[in-house]
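Participant: Below is the structure, and that's it, no one-letter string:
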C-alpha cells in the first residue's frame, strides 16, 4: 500500500475514533506530501517512497524544533501536543537501525571507500544515506562517521 493510500485510511480511522491529534497530524502530513509532489513533479505527480520519507522526516524535525521552543518558553501543554504529533508521524517511518547496526554499516562503508580523514566524510555520508534506506537519521550517521574518521 502506498503512503498516500495509508494516510487516507488513517484519516478515516482517526475520524471514526474521534482522535483529533492523529487526524490533524495525518492531514498535515498528507498536505505536506502533496505540496512536495507538486513542487517536484507538477500537479499530477506522486512522490516516490524515498522522497515521501524525507517529507515525513522534515515534518518530524519541525515538530522537534517546536518542542524545544515551547519547553524553553515553559509551555509544556504545547510541547506535549507536538510530542504526540511526533509519535503519530514516526509510525510512517521504517524501523530505525540499532546503534550496533549503524556502527557496522559505517565500518563497512568506510572500509569500501577507503576513507581515512574527515575530508572524505561527504562521500561516506552519501553512501551511508543510500544504504541505510532511511532507517537512520543523518545526525546519527554523521556522529558515527566523525568518531571513526577523527
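Facilitator: On my side now, so go ahead. These numbers were taken from a predicted model, which means no experiment stands behind them. Numbers count the residues shown, from 1 in each chain.
Participant: domain assignment for the chain?
Facilitator: As assigned by automatic domain parsing, the chain contains the domains 3-90, 99-148.
Participant: What is the single longest helix found in the chain packed up against?
Facilitator: Ranked by residue count, the top helix of the chain under DSSP state H comes out as helix 49-72. The contact analysis (3 or more CB pairs under 8 Å, 6 or more residues apart in numbering; DSSP states H and E) places helix 49-72 against helix 20-41, helix 76-90. In this view, the C-beta of every residue, glycine as well, is placed from N, C-alpha and C.
Participant: shaky segments in this structure?
Facilitator: 1 (pLDDT under 70).
Participant: Geometric centre of it: which residue is closest?
Facilitator: residue 57 (2.3 Å; CA atoms, centre = their mean).
Participant: wait, that one sits on residue 93?
Facilitator: Yes - with contact defined as CB atoms under 8 Å, residue 57 reaches residue 93; the gap is 7.2 Å.
Participant: what sits in contact with each of those two?
Facilitator: Contact criterion CB atoms under 8 Å, 6 or more residues apart in numbering; residues shared by residue 57 and residue 93: residue 134.
Participant: For residue 109, give its distance to residue 22.
Facilitator: Distance, residue 109 to residue 22, by CB to CB, to the nearest Å: 37 Å.
Participant: Apologies, that question was intended for residue 5.
Facilitator: Applying CB to CB to residue 5 and residue 22 gives a distance of 17 Å.
Participant: the more surrounded of these two?
Facilitator: residue 22 (20 against 9; other CB atoms under 10 Å).
Participant: show me what contacts the more buried one?
Facilitator: Listed by CB under 8 Å, 6+ apart, the contact set of residue 22 reads 10, 14, 88.
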